[in-house]
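Peer 1: pasting the sequence and the predicted coordinates here, then a few questions.
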2 protein chains.
Amino acid sequence: MEDRPVVIGMIAYDRMTNLDFVGPYDILSRVRQSRTIVLGKSREPIVTDTNYRLLPEMTLAEAPDLDIIFVPGGPGSTALMEDEEVLRFLRERAPKAQWVTSVCTGALVLGAAGLLEGFRAATHWSCMDLLPLFGAIPVNERVVIDGNRATGGGVTAGIDFGLTLIARIWGEDQAKLIQLGTEYNPAPPFNAGSPETAPDILPRFRELSKASAEVRIEAAKRAAGKLHPDV
Amino acid sequence: MEDRPVVIGMIAYDRMTNLDFVGPYDILSRVRQSRTIVLGKSREPIVTDTNYRLLPEMTLAEAPDLDIIFVPGGPGSTALMEDEEVLRFLRERAPKAQWVTSVCTGALVLGAAGLLEGFRAATHWSCMDLLPLFGAIPVNERVVIDGNRATGGGVTAGIDFGLTLIARIWGEDQAKLIQLGTEYNPAPPFNAGSPETAPDILPRFRELSKASAEVRIEAAKRAAGKLHPDV
């Protein structure tokens, strides 16, 4: 690899899901040759969907050239799909980046920026059917790499995403060292991590998330309409 | 359950590992009947071991009665084992709590506060042999529950820890709903998450962490000596 660190710009925003962000952030930060930066629209504290407050290191405008761009997901991604400042930032920076990446519903934001057209991609299982609105091809895998797009599934997929990306960029041994250090030897107490394995609780989940899902679908349609106003 | 929320005080500190913290925080915060609070020694920003900055919601002194006390791990736990303010807080609050918990090397801090004497416990795999200094019985499991002590293994074990605790307190369906929402259907790209499965990279890991491990061992011995000055 080059001598200079790989600069990873990670966009934080209000009502993002912090675990979407911190999984990849903590994993990627452990690579000695990386430089992770928490980017915000301003330097004001960001409040996640669970009321956790973090401080961006710099603003989008202050960001240096980025080798990797990352967008996490969460309820706040619904607003981000129509946030012209963030979409413009992504459109301007993506062509110069080596990797354009997301976890969870961060993929919908990449999509709204027009950055997933023709690419295979993953997102939260509940939002897979929104990807085609942006010309993306949904793939039911934990981490999807297509060209220089790397997208992870929902929330906790960010850990698998981070390790996969590290293996691609710095090699498998580096990824394995970090997997060992973070003791990533998962043992979920239940087998309810996907709709296929949790049919018994799926109706309740859909009921609880119905209102936010409807708002997200409408926002995605509007954002897609702006991408292709003639469709 | 009772009408009032279960109050969960989560101690954040400099050079903690953020993923140790955010795994349980994000999982536990999704329970509607929980109230998670980020506690700091002051309200100043906390800087994690990966240079991520977060803001405590309140100080230890300001904390209300806590139903659950949680201590994450990370390099900063070495100093915390000898931090009298934090140890005193833990000793005062633990007898009134329903659960006294940790993830990763947070267990060493509970140990230094004298809160694991006679209890079975887990910690990061590299620190298991330090637990007996504090009278704890190391158990090579992802999550260990003994009485009202719940301790998780290293870093990413915090997600399994959170779901396990939720199942105990609020029932399995609540845990499964949150597992589905966070798409916790892990698919590690490698099988290097424990020393048993990663013998090839273990020597390199030990070499890289040798200096910090030595400092931690000395701190643990001093902390244990203060617990039992006559031993």
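Peer 2: Yep, that arrived.

Peer 1: who does the helix or strand hosting A:T151 touch, helix- and strand-wise?
Peer 2: Secondary structure assignment for A:T151, by DSSP states H and E: strand A:149-152. If you count contacts as 3 or more C-beta pairs under 8 Å, 6 or more residues apart in numbering or on different chains; DSSP states H and E, strand A:149-152 packs onto strand A:99-103, helix A:106-112, strand A:120-121, strand A:143-146, helix A:157-170. Using the backbone N, CA and C atoms, a C-beta is placed for each residue, glycine as well.

Peer 1: what are the contacting residues of it?
Peer 2: A:24, A:99-104, A:106-107, A:110, A:115-116, A:119-123, A:142-144, A:158, A:160-161, A:164-165, A:168 (C-beta atoms under 8 Å, 6 or more residues apart in numbering or on different chains).

Peer 1: ok so, going back, deepest of the helices and strands packed on strand A:149-152, which one?
Peer 2: helix A:106-112 (a mean of 30; mean count of other C-beta atoms under 10 Å in any protein chain shown).

Peer 1: I'd say A:D65 and A:E92 touch.
Peer 2: No: A:D65 is beyond contact range of A:E92, at 11.2 Å (criterion: C-beta atoms under 8 Å).

Peer 1: can you check which helix is longest in chain A?
Peer 2: helix A:202-227 (DSSP state H).

Peer 1: ok, the nearest residue to A:G153 once chain neighbours are set aside - contacts?
Peer 2: In this structure, A:G153 finds its nearest non-sequential neighbour in A:A122, 4.8 Å apart by C-beta to C-beta, 6 or more residues apart in numbering or on different chains. Neighbouring residues of A:A122 by C-beta under 8 Å, 6+ apart: A:107, A:128, A:138-144, A:151-153, A:157.

Peer 1: for burial, what's the neighbour tally of A:K221?
Peer 2: Residues lying near A:K221 (other C-beta atoms under 10 Å in any protein chain shown) number 12.

Peer 1: tell me the pLDDT of it.
Peer 2: Note for A:K221: predicted pLDDT of 97.

Peer 1: can you tell me the closest non-neighbouring residue to it?
Peer 2: A:K221 sits nearest to A:L133 (C-beta to C-beta, 6+ apart), 6.5 Å away.

Peer 1: can I take it that the one you found is in a helix?
Peer 2: Yes: under DSSP: H, G, I helix; E, B strand; the rest coil, A:L133 falls within a helix.

Peer 1: my read is that it contacts A:G114, right?
Peer 2: No: judged on C-beta under 8 Å, A:L133 makes no contact with A:G114 at a distance of 11.6 Å.

Peer 1: which phi and psi does A:R35 have?
Peer 2: Main-chain dihedrals, A:R35, degrees, to the nearest 10: phi -140, psi 100.

Peer 1: from A:D173, how far off is it?
Peer 2: 21 Å (C-beta to C-beta, to the nearest Å).

Peer 1: cool, and A:R15?
Peer 2: Applying C-beta to C-beta to A:R15 and A:D173 gives a distance of 37 Å.

Peer 1: likewise for A:A187?
Peer 2: In terms of C-beta to C-beta, A:A187 sits 24 Å off from A:D173.

Peer 1: name the SS class of A:I69, please.
Peer 2: strand.

Peer 1: and A:S42, what is it in contact with?
Peer 2: A:S42 neighbours (C-beta under 8 Å, 6+ apart): A:56, A:59.

Peer 1: how far off centre is stretch A:123-142?
Peer 2: Chain-centre distance of stretch A:123-142: 12 Å, with C-alpha atoms, centre = their mean, to the nearest Å.

Peer 1: ugh, wrong one, I meant stretch A:106-124
Peer 2: With C-alpha atoms, centre = their mean, you get 9 Å for stretch A:106-124.

Peer 1: again with stretch A:42-59
Peer 2: Going by C-alpha atoms, centre = their mean, where stretch A:42-59 is centred and where its chain is centred differ by 16 Å.

Peer 1: tell me the buried residues in it?
Peer 2: A:45-50, A:52-57 (16 or more other C-beta atoms under 10 Å in any protein chain shown).

Peer 1: using CSV, write out every CA atom in that stretch.
Peer 2: C-alpha atoms of stretch A:42-59 as CSV (Å, rounded to 0.1, in the frame of the first residue of the first chain):
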residue,chain,number,x,y,z
SER,A,42,-21.9,21.2,11.0
ARG,A,43,-19.6,20.7,14.0
GLU,A,44,-22.6,20.7,16.3
PRO,A,45,-23.4,17.6,18.3
ILE,A,46,-25.2,14.9,16.3
VAL,A,47,-28.0,13.1,18.1
THR,A,48,-28.6,9.5,17.0
ASP,A,49,-31.9,7.6,16.9
THR,A,50,-31.2,6.4,20.4
ASN,A,51,-30.4,9.8,21.8
TYR,A,52,-26.6,9.3,21.9
ARG,A,53,-24.7,12.5,21.2
LEU,A,54,-21.4,12.5,19.2
LEU,A,55,-19.2,15.3,17.9
PRO,A,56,-18.2,15.4,14.2
GLU,A,57,-14.5,16.0,13.7
MET,A,58,-15.1,18.3,10.7
THR,A,59,-17.8,19.5,8.4
